[in-house]
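S.K.: Take a look and give me a structure for this.
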Amino acid sequence: MSSLILEPINKLKGVGNETADVLAEMGIFTIKDLIWTFPYRHEDFRLKDLTETPHNEKVTVEARIESEPAVLYLGKKSRITVKALVGRHLIKLVFFNQNYLRGKLSPETVVTVSGKWDRGRQVINVTTIKIGPKTDNVDFEPVYSLKGNMHQNKFRKLMRQALDLSEGEMEETLPLHLLEKYRLIPIIEALEGVHFPVDANHAKQARRRFVYEELLHFQLRIQALRKMHKENEKGITIHYDIHKLKNFISTIPFELTNAQKRVVNEICKDLKEPVRMNRLLQGDVGSGKTVVAAIGLYAAVTAGYQGALMAPTEILAEQHAISLKALLEPLGVRLALLSGSTKSKNRREILKQLHNGDIDILIGTHALIQPDVVFENLGFVITDEQHRFGVEQRRILRDKGANPDVLFMTATPIPRTLAITAFGEMDVSIIDELPAGRKQIETHWLKKEQLNACLGKMELELRQGRQAYVICPLIEESEKIDAQNAEEVFVQLSTVFKGKYKVDLMHGRLHPDDKDRVMREFTEGKIDVLVSTTVVEVGVNVPNASYMVIYDADRFGLAQLHQLRGRVGRGKFQSYCILLADPKTEDGTERMMSMTQIHDGFRLAEKDLELRGPGDFFGKKQSGLPDFKMADLVHDYRTLEVARQDAATLIYENVFWKDSEYKYLREMLEESGALNGERID
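M.R.: Coordinates of the predicted model:
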């Protein structure tokens with residue numbers, strides 16, 4: 001990179017101390033920083049034909065004024081209206097708060113205007129005007145995200161100056177063979193195309209080049225982390241007893257699905273490798289992750305190692321303990337449950353047995369990561385619903401053994417584009433097949449006025465001894481949001497079913513003891529209808545629950561709705577999910593339609609990503625996703641796949657680490673910290 005490009009920003013004409021301070025707020029300190037500040041869109045000033053322009057779209061036209069301007073004053077504000085001829089169309093041009101134009105808009109005057117086209121009223125609401133026909137060749141103007149008193153025109157002039165200085169100074173940042181392979185335009189041409197494209201194709205080719213480069217950089221960092229992990233994080237080799245493992249699998253009272261068999265093989269292969277397992281197991285609701293976890297844990301036990309399974313809630317930990325004990329205790333495996341509510345005397349005994357190696361598998365909550373929890377020989381760690389734990393919490397559990405193998409499980413189907421981005425340094429296993437005989441949950445979308453019919457169907461289920469969930473988006477009444485709240489619904493349903501069925505309430509503000517009590521009573525069948533917020537979203541297993549109603553369903557994302565729906569349909573009975581919603585947007589309507597038509601969690605996750613974007617899919621604070629300047633994970637997923645494959649190939653080739661052609665990419669890796677094992681997003 002030329003030293004000129006690395007000069008401070010005040011080397012540019014027009015950049016004094018005040019301007020430099022504003023640019024510094026934007027993270028711009030050098031000429032290079034400025035050049036790599038990309039616009040978030042371009043104003044399109046190409047002349048368009050009104051007959052081909054859709055309603056409400058921005059349009060630029062040449063027009064001849066056909067009437068005297070009519071001025072309307074609205075307090076301090078004004079509106080000017082003139083009739084104008086555009087081709088053969090007589091339309092109206094409307095100017096808001098541009099009173100200075102009054103004397104310039106005389107009949108016969110030709111103007112070039114841009115604004116939103118109201119096709120029905122035949123009106124253009126003008127945002128920019130130039131007196132005279134369009135004479136310049138500027139069809140696209142960049143629009144940047146600016147701070148302070150910086151204006152677009154000034155910023156564009158500084159950018160033009162910086163690009164002119166960089167011509168002949170900017171070194172190519174991509175290897176020649178990748179440029180040729182994908183027919184990508186060179187760096188200087190691409191930078192011109194991003195900032196000042198000569199036409200639409202120039203802008204498209206520039207974006208194409210930088211999307212690939214950005215995703216390649218990110219995937220190189222991910223692949224470097226994977227390489228370092230395999231080379232430096234030596235794990236333990238778990239030589240499990242294959243005969244005992246096969247015998248155990250044969251005793252499971254149902255046939256494993258092909259997806260479960262594939263994932264079991266992937267996990268067992270990892271156990272035998274001398275490198276620490278770092279695997280993410282994704283499985284749709286009810287796909288049978290617990291059985292896969294049991295097989296992995298038993299494999300470790302047959303090799304003389306201990307196993308641990310950490311879950312985010314006591315009720316989920318208890319359910320795992322019940323399932324695993326039923327599967328493994330007949331084989332002589334010693335299991336224990338440790339949680340915050342474990343009595344002191346019992347806890348001391350569990351910790352003693354764990355330290356002595358008299359417990360093979362410990363299941364629990366955050367209680368597992370307390371300092372006094374000491375394993376004799378921990379070899380395999382499973383974290384369920386891993387996104388509910390912090391990085392440090394997961395590390396503490398892993399450090400309780402000598403580089404144990406680690407499996408992270410999640411019931412939240414993650415679209416492939418997000419999985420290979422947010423979890424790219426992990427190996428990913430997917431159970432994408434439901435067990436045979438599992439009945440599909442019937443999902444129906446009803447308007448709120450159909451509530452009585454919904455409750456009538458619920459009562460039919462309750463009469464047959466089934467149970468029901470009723471989910472609400474809020475706990476208490478809110479003036480800001482018009483959404484049904486759990487406390488109000490609880491009162492209503494308690495009145496409707498008074499003397500017939502037991503209704504109870506659960507939400508996140510309840511004391512943990514009360515929450516556990518309510519959930520336990522519902523699990524034991526002592527509560528017929530559970531009114532709740534989304535705290536039941538993950539992990540709760542009540543096979544007798546066959547009916548769910550979700551109030552204001554359009555307020556939830558598809559992934560969350562699918563998680564909620566997965567709380568029913570876990571037994572042998574036909575189950576139902578009723579979405580009560582009166583969506584006010586097209587997006588809300590599309591989500592309701594998607595839920596009634598799509599039952600596969602991964603397909604819904606892709607749809608959710610398409611509708612809401614990656615930040616909202618994970619939640620902005622914990623998305624773990626990089627803030628790309630140019631790439632869009634939803635629309636550029638094919639490029640992401642290509643970049644991942646290229647990065648995986650490059651990182652393991654000697655030529656990448658030696659040849660000068662890859663110098664810039666190697667420097668990028670060093671600056672990112674990836675070569676030091678740091679995860680930089």
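S.K.: Name all residues that make contact with the nearest residue to Tyr662 once chain neighbours are set aside.
M.R.: What sits nearest to Tyr662 in space, not counting adjacent residues and going by CB to CB, 6 or more residues apart in numbering, is Phe656, at 5.0 Å. (Each C-beta comes from the backbone N, C-alpha and C, glycine too.) Neighbouring residues of Phe656 by CB atoms under 8 Å, 6 or more residues apart in numbering: 650, 662, 665-666.
S.K.: cool, and Arg64?
M.R.: Arg64 neighbours (CB under 8 Å, 6+ apart): 84-85, 108-110.
S.K.: switch to 7 Å and redo it
M.R.: 84-85, 108, 110 (CB atoms under 7 Å, 6 or more residues apart in numbering).
S.K.: Buried residues, stretch 154-167. List them.
M.R.: Within stretch 154-167, the residues that count as buried by 16 or more other CB atoms under 10 Å are 155-156, 158-159, 161-163, 165-166.
S.K.: Next: stretch 652-667.
M.R.: Those would be 656, 662, 664-666, for stretch 652-667 by 16+ other CB under 10 Å.
S.K.: where does the protein dip in pLDDT?
M.R.: 1-3, 233, 386-394, 416-417, 420-425, 437, 475-484, 536-540, 612-626, 674-681 (pLDDT under 70).
S.K.: re earlier: from the contacts of Phe656, which land in helices?
M.R.: Cross-referencing the contacts of Phe656 against helices under DSSP state H gives 650, 665-666.
S.K.: Now distance to Thr128 too, for those residues, in CSV please.
M.R.: Putting the ones in helices among the contacts of Phe656 into CSV (distance: CB to CB, whole Å) gives the following:
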residue, distance to Thr128
Leu650, 46
Leu665, 42
Arg666, 46
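S.K.: Of these, which is the nearest to Glu192?
M.R.: Distance to Glu192 across these (CB to CB) is lowest for Leu665, with 22.6 Å.
S.K.: Which residue, other than its chain neighbours, is closest to the closest one?
M.R.: With sequence-adjacent residues excluded and distances taken as CB to CB, 6+ apart, Leu665 is closest to Leu220, at 6.3 Å.
S.K.: how near is that neighbour to Ala643?
M.R.: As for Leu220, its distance to Ala643 is 9 Å (criterion: CB to CB, to the nearest Å).
S.K.: Give me the buried positions along the helix or strand Leu93 falls within.
M.R.: Using DSSP states H and E, Leu93 sits within strand 89-96. Buried positions in strand 89-96, judged by neighbour count with 16+ other CB under 10 Å: 91-95.
S.K.: what's the answer for stretch 194-204, then?
M.R.: Within stretch 194-204, the residues scored as buried using 16+ other CB under 10 Å are 194-197, 202-203.
S.K.: Between which two of these is the distance greatest?
M.R.: Pairwise distances across these peak at 10.7 Å for His195 and His202 (criterion: CB to CB).
S.K.: Gly357 reaches Gly379, doesn't it?
M.R.: No: here Gly357 lies out of contact with Gly379, judged by CB atoms under 7 Å, at a distance of 11.6 Å.
S.K.: So the two - more neighbours on which side?
M.R.: Gly379 (26 against 14; other CB atoms under 10 Å).
S.K.: ok, that one - contacts?
M.R.: Gly379 is in contact with 236, 238, 300, 305-307, 401, 404-405, counting by CB under 7 Å, 6+ apart.
S.K.: a helix runs through it, doesn't it?
M.R.: No: Gly379 is assigned strand when assessed by DSSP: H, G, I helix; E, B strand; the rest coil, not a helix.
S.K.: doesn't Arg520 make contact with Met506?
M.R.: No: between Met506 and Arg520 there is no contact under CB under 7 Å: 10.9 Å.
S.K.: Tell me which of these two has more neighbours.
M.R.: More crowded of Met506 and Arg520, by other CB under 10 Å: Met506, with 23 against 14.
S.K.: The more buried one pairs with what?
M.R.: On the basis of DSSP bridges, Met506 is bridged to Ser532.
S.K.: give the contact list for it.
M.R.: 515, 518-519, 530, 532, 535.
S.K.: Out of the buried residues of stretch 154-167, the closest to Leu580 would be?
M.R.: Leu580 lies nearest to Phe155 out of the buried residues of stretch 154-167, by CB to CB, at 49.0 Å.
S.K.: gap between that closest one and Ser145?
M.R.: Phe155 is 10 Å from Ser145, by CB to CB.
S.K.: of the contacts of Met506, closest to Thr251?
M.R.: Met519 (30.5 Å).
S.K.: before we move on, the earlier item: turn the contacts of Phe656 into CSV, columns for distance to Thr585.
M.R.: CSV is the format used below for these (distance: CB to CB, whole Å):
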residue, distance to Thr585
Leu650, 44
Tyr662, 48
Leu665, 43
Arg666, 48
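S.K.: Distance-wise, check Ile366 relative to Ile188.
M.R.: No, residue 366 isn't Ile; it's His. Distance of His366 to Ile188, given as CB to CB: 54 Å.
S.K.: Leu397 against Val381, yeah?
M.R.: Yes: with contacts counted by CB under 7 Å, Leu397 reaches Val381, the gap being 5.7 Å.
S.K.: if I look at the two, which residues touch both of them?
M.R.: In contact with both Leu397 and Val381: Ala308, using CB under 7 Å, 6+ apart.
S.K.: which helix in this structure runs the most residues?
M.R.: Max-length helix for the chain by DSSP H is helix 200-232.
S.K.: Report the buried residues of that helix.
M.R.: 202-203, 205-230.
S.K.: next one: stretch 579-589
M.R.: Those would be 579-581, 583, 588, for stretch 579-589 by 16+ other CB under 10 Å.
S.K.: In those residues, find the pair that's most separated.
M.R.: Farthest apart among the buried residues of stretch 579-589 - using CB to CB - are Leu580 and Gly588, which lie 12.5 Å from each other.
S.K.: hmm, which two among the contacts of Phe656 are most spread apart?
M.R.: Taking CB to CB, no two of those sit farther apart than Leu650 and Arg666, at 10.2 Å.
S.K.: Which of the contacts of Met506 has the largest number of neighbours?
M.R.: Going by other CB under 10 Å, Ser532 tops these with 29 neighbours.
S.K.: Do I have it right that it meets Pro473?
M.R.: No: the pair Ser532 / Pro473 is not scored as a contact, 11.0 Å apart, by CB under 7 Å.
S.K.: Name the residues linked to Thr30 by a beta bridge.
M.R.: Here Thr30, judged by DSSP bridges, has bridge partners Pro8.
S.K.: If you could redo that for Leu93, that was the one I meant.
M.R.: Under the criterion used (DSSP bridges), Leu93 bridges to Val82, Ile124.
S.K.: can you tell me how far it sits from Thr127?
M.R.: 11 Å.
S.K.: cool, Gly14 as well?
M.R.: 26 Å.
S.K.: Would you mind telling me which of those two has more residues around it?
M.R.: Using other CB under 10 Å as the criterion, Gly14 and Thr127 rank with Thr127 on top: 14 against 10.
S.K.: Excluding sequence neighbours, find me the nearest residue to that one.
M.R.: Closest residue to Thr127 apart from its sequence neighbours, by CB to CB, 6+ apart: Gly115 at 4.8 Å.
S.K.: Check Leu174 too.
M.R.: Closest to Leu174 by CB to CB, 6+ apart is Glu213, at 5.9 Å.
S.K.: ok, now Leu327?
M.R.: Ala294 (4.8 Å).
S.K.: Equivalent analysis for Asn485, please.
M.R.: Here the residue nearest Asn485, using CB to CB, 6+ apart, is Leu474, at 4.2 Å.
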